[in-house]
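# just a sequence and a predicted model for now, questions to come.
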Amino acid sequence: MPEAKNYKKALQLSIFKTISQAATNLHLDSYVIGGFVRDYILQRGTAKDIDIVAVGSGIELAKEVSQLLPDSPIIQVFKTYGTAMLKADDIEVEFVGARKESYRRDSRNPIVENGTLQDDQNRRDFTINALALSLSKDTYGSLLDPFNGIEDLKTKIIRTPLDPDITYSDDPLRMMRAIRFATQLNFKIEESSLQAISKNKNRIKIITNERIVDELHKILGSKKPSIGFLLLEKTGLLTYILPELTALKGIDEIEGQKHKDNFYHTLEVVDNISENTDDVWLRWAALLHDIGKAPTKRFSKKVGWTFHGHEFVGSKMVFKLFKRLKMPLNEKMKFVQKMVLMSSRPIVIATDVTDAAVRRLVFDAGDYIEELMTLCEADITTKNPKRFKKYHNNFKIVRQKMVEVEERDHIRNFQPPVTGQEIMKTFDIKPSREIGIIKEAIKEAILEGDIPNEHDAAYQFMIKKGKELGLKSD
């Protein structure tokens, strides 16, 4: 990590010089605080958003900065929160006056008063986010670290500046943020802080679903999402947020027969898929692909534990889950539903890779066949090396067969070779159920490999099927 003497290097962006001059013009002190400072010290790259604290009016400071910048960028002012924001060189800069806060039990929205820099650092969620660099000309680049956040960065610890019980009770979203930062940075949450999260877990109920989902997205978007979900489960938060997942936890045994723990299996699948895709919705599909197993779990003396229809049940549960969390009920949700519904299909056909089965798989998955295959490959969590190799080799065969079938039969984005208009003209009939029957029969014949996906073959099949239905052609 850079030593203290190098912190001026963090402030080489021209925007910092401008803010320093604006603060001098207004006779107030200003500081860059929070994520920018943390990420610079961790050498995580240049942040695209910067938080500035002014000991005075943050809004007035933003206005002065705008006047000093070329073209005077437009300022967004949020009077309710006493903040202002402007964009400069593709960087978002948010200005706020230093403040102290107090909370009511029924809300995470604080009662705000003007305060000192120390007050402002006291209200920060974690020591690593309370680090501040001075923008004053005489102390430019000096670090203000009242809670030894630098040491917590070195030891990779998430810790609150003040009593964690009060910190998390006041603003329960901080519990999610603690777990999110632990996941993103691969840090550990300090023990008393972890205990405080467990103690205050029911307080998460006052947080809006939109805020919770935003944190879940960031956890899912991290390099190893299982870190966050294990912490959510350990602290008890997951029961309030995603009970469909905690319902998968545990191993039942009857007459010496067990099933795997589907909760820990799910987290392995999420980590596996995260190595191959940044698509957060495909990661959601991995997280939810087995949620139907809890309600469909049955024991049979003949075959042991079964989860018949868990894919169908799980896809229906996705809708209810998205609706409850106020997530988008749009194409993203439908994508996740489709992935959950089809999550076992490639696994089933991998044991007997027939052309017909592959054609149906490609037809049903459509444009999402690659995502489905990525999900199914991530679903292989066996610790048996021979079985692991066998499954992956089988999937390679499925992928090769997909290429061959698609090149030959053009099943993806399937369009029937014979249209409804041609059927009506051939048999001189008006719109009727027979047209749908014939089109469905042609599609099934192509998928089964009885006829090629070509017009002439489909036309002859249409004539034959029409005769079976009592229709007459010219």
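Okay, I see it. Numbering: from 1, shown residues only.

# where along the stretch 301-450 of the chain do the helices fall?
Per DSSP state H, counting those that start in this stretch, the stretch 301-450 of the chain carries helices over the ranges 310-324, 331-341, 345-349, 355-365, 369-378, 385-409, 420-427, 433-448.

# how about those helices, which one is nearest K224?
helix 369-378 (13.4 Å; C-beta to C-beta). All C-beta atoms are positioned from the backbone trio N, CA, C, and that covers glycine.

# quick revisit: pick out the shakiest of the helices of the stretch 301-450 of the chain, pLDDT-wise.
Mean pLDDT per stretch puts helix 345-349 lowest among the helices of the stretch 301-450 of the chain, at a mean of 79.

# so how far is that one off the chain centroid?
Relative to the centre of its chain, helix 345-349 is centred 26 Å away, using C-alpha atoms, centre = their mean, to the nearest Å.

# now do the buried residues in that helix.
For helix 345-349, the neighbour count (16 or more other C-beta atoms under 10 Å) marks 345-347, 349 as buried.

# ditto for stretch 67-86
Quick answer for stretch 67-86 (16+ other C-beta under 10 Å): 69, 73, 75, 77, 82-86.

# spatially central, which residue of the protein would that be?
H217 (3.4 Å; C-alpha atoms, centre = their mean).

# my guess is that one contacts W281. True?
No. Shown here, H217 and W281 do not form a contact pair, counting by C-beta atoms under 8 Å, at 9.8 Å.

# returning to that earlier point: the helices of the stretch 301-450 of the chain: which one's closest to K293?
helix 310-324 (4.6 Å).

# got the angle for that closest one vs helix 331-341?
160 degrees (axes from the mean of the first three to the mean of the last three C-alpha atoms, to 10 degrees).

# to L267, which of the helices of the stretch 301-450 of the chain lies closest?
Comparing the helices of the stretch 301-450 of the chain by C-beta to C-beta, helix 369-378 comes nearest, at 11.4 Å.

# doesn't the residue nearest to the centre of the chain lie inside a strand?
No. Counting by DSSP: H, G, I helix; E, B strand; the rest coil, H217 is located in no strand; its state is helix.

# tabulate the buried residues of helix 345-349 (a markdown table), appending distance to A22.
Output for the buried residues of helix 345-349, formatted as a markdown table (distance: C-beta to C-beta, whole Å):
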| residue | distance to A22 |
| --- | --- |
| R345 | 60 |
| P346 | 59 |
| I347 | 61 |
| I349 | 65 |
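
# ok, these vs E233, which is closest?
Closest to E233 out of those is I347 (26.1 Å), distances taken as C-beta to C-beta.

# residues in contact with G221?
278, 280, 283 (C-beta atoms under 8 Å, 6 or more residues apart in numbering).

# how does it look with 10 Å?
For G221, the contact set (C-beta atoms under 10 Å, 6 or more residues apart in numbering) comprises 180, 183-184, 274, 278-280, 283.

# and if you look at E454?
The contact partners of E454, by C-beta under 10 Å, 6+ apart, come to 409-410, 417, 446.
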